[in-house]
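Peer 1: no letters, just coordinates:
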C-alpha cells in the first residue's frame, strides 16, 4: 500500500519509535502493517543498513523528515533511554511544524514524556491488539490522504476497521463506554487481559471487551450475583445468591463445576495456590480445590460470612457477622487467632506490611498484627465501616457510612485527611498512580488526590455506587445501582 498526500512525498507512511521492553507488541504491529501494505520504518528491519552509519543524523532524518506519521510507544522504559529520547526529540521538532498532527501516541502506562502534552489523543495498548492498532493507522492514513488508499480489495475486506474500536482521548473522568444489565451491579469488576468480568442482580455473570464494552459471553445463575469474580488459570470463580460457587471458563463462560453451600453467597472468592476461599451465609468459610471444586475444609463461625477472604503467608483472614476477624491456617483450616470487635465485620480485610486492616459496624477501622492478632490501633469514624480498606505505601484509605473517605497513617492510625463524598460511603476505595477512586450514594465516582484528598474529578454514574472501582491501565471500571457498568478514562 502507498498512502500519499498532496503536499509531501514521504518515504514512509509511518515510523515506529519504541523501547526494547515493548518489542514483542511492536513486532506484531509491524507485521500487521506489512500485511496492510503500509510503508513503515522499523529499526529491526534495517539493522544491516544501519551498520557503520552516523545514527544521530540518521534518526533525525527518519523521525523528523521521512514519514507522514510517527507511532510513539509511550512507557516508563521509553522515557529514560538515550536513543528513544533522541527519536522523541526529532519527532517533536517535526510535530511543531506539522499543524495536522504528526505524533500518534500509543500508551503502555501513564508515563509523562517531556514535550508530549497530556491532552493529546492516544491509543491504550492494554486494550488494543496489534492488529487493531494497525487498522487504526490505516484509517488515519485514509483520513489524511486526499485520494483513496490503494489497498487490494481482498486486503480491504479482511482488515476493515472494526466499528467497535474507538480512539480515546486523555481527558480524565470522561466516559469511554457504558454497558447495561437488567439488575443492580453490586459486584466489583475484575479485569484480566482484554476482558472485564462482573456479576449483576439479574443473575448473570458477564464478560465484556475492555475496549468497547461489547458482551463476549454471559452465564446465568439461579440468583443475584453480588459476589465479585476472581480469575485465575483461565477460570472465573464467583458466588451467587442461589447458594452456589461457580467455576466458569474465562474465554467462553462455560461451566466447569459448581458446589452448593448452605446459604446465599455475598462473599467474593479469593484464589491462592490452587485453592478457592469463599464465605457463605451458612456461617462457614470454605476452602475448595480450584480445579474441581472438591471441598478441602470448611471453618464454622457463628455468623454470616459476607466478608471476602484475604490470603497472606499461609493464612486466610476473614470477617463475620459474629463480630470477629479470624486468621485461619490455609492448609488445615484451623483457627490461628481471632479479634473481637464491637459490631459485625462485613468489611473485607487488607494485609499490608504484616498488618491487617479491617472495618467493623462498630464504626471503627482496626489495624491488627498479622502473625499474632494483636490490635495495634483503631480509628473511630462517625458511622459503621463496611467499606474494605485499601493500603498504599504508608497510608490506608477507607470509607464510612458517615459519608467520608478517610486517609490514615498506616503505622499509627493518625488521620491525614478526610473528604466528604456523599451521605454514606459503602464503596471500597481503589488506589492507583497517586489517585484514590471511590463511589458513593450521590451518584458519583470520585477521583481524589491520594496525598491531600482534593477532588480531581467526579463522574456521574447515574445511580449510587456500592462497589469497589477497578483500575487497569488508564481506565477505571465501576458498577452502579442502575444496572450499568461504566468504563471511564483516568
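Peer 2: Structure received. Note that this is a predicted model, so its numbers are computed, not measured.
Peer 1: can we go C-alpha only for contacts and neighbour counts from here?
Peer 2: Noted.
Peer 1: so where's the stretch 151-300 of the chain shaky on pLDDT?
Peer 2: 151-170 (pLDDT under 70).
Peer 1: ranges for the helices of it?
Peer 2: Using DSSP state H, counting those that start in this stretch, the helices of the stretch 151-300 of the chain run over residues 153-158.
Peer 1: center of this protein - which residue?
Peer 2: Central residue of the chain (Cα atoms, centre = their mean): residue 472, 2.4 Å from the mean position.
Peer 1: grab the nearest non-local neighbour of that one.
Peer 2: Computed as Cα to Cα, 6 or more residues apart in numbering, the closest residue to residue 472 that is not its neighbour in sequence is residue 191, at 7.0 Å.
Peer 1: contact partners for that neighbour?
Peer 2: For residue 191, the contact set (Cα atoms under 8 Å, 6 or more residues apart in numbering) comprises 197, 210, 470, 472.
Peer 1: in strands only, show me those.
Peer 2: In strands, defined here by DSSP state E, the members of the contacts of residue 191 are 197, 470, 472.
Peer 1: pretty sure the first one sits against residue 207.
Peer 2: Yes: the criterion here is Cα atoms under 8 Å, and residue 197 meets it with residue 207 at 4.6 Å.
Peer 1: could you report the separation of the residue nearest to the centre of the chain from residue 400?
Peer 2: Distance, residue 472 to residue 400, by Cα to Cα, to the nearest Å: 25 Å.
Peer 1: now residue 27. Its backbone dihedrals?
Peer 2: Main-chain dihedrals, residue 27, degrees, to the nearest 10: phi -50, psi -40.
Peer 1: tally of neighbours for it?
Peer 2: Residue 27: 14 surrounding residues under other Cα atoms under 10 Å.
Peer 1: residue 314 too?
Peer 2: Per other Cα under 10 Å, the neighbour tally for residue 314 reads 12.
Peer 1: what do you get for residue 315?
Peer 2: The burial count for residue 315: 21, using other Cα under 10 Å.
Peer 1: without its sequence neighbours, what residue ends up closest to it?
Peer 2: Leaving aside its chain neighbours, residue 315 sits nearest to residue 329 (4.9 Å; criterion: Cα to Cα, 6+ apart).
Peer 1: pretty sure that neighbour is touching residue 317, no?
Peer 2: No: in this structure residue 329 lies outside contact range of residue 317 using Cα under 8 Å: 9.0 Å.
Peer 1: more neighbours: the two, which one.
Peer 2: The residue with more neighbours, out of residue 329 and residue 317, is residue 317; 27 against 17, by other Cα under 10 Å.
Peer 1: what helix or strand does that one sit in?
Peer 2: strand 315-319 (DSSP states H and E).
Peer 1: tell me the strands beside that strand, with direction?
Peer 2: Strand pairing for strand 315-319, determined by DSSP bridges: strand 310-312 (antiparallel), strand 324-329 (antiparallel).
Peer 1: which one of those is the most hemmed in?
Peer 2: Across the strands paired with strand 315-319, averaging neighbours per residue (mean count of other Cα atoms under 10 Å) puts strand 324-329 on top, at a mean of 23.
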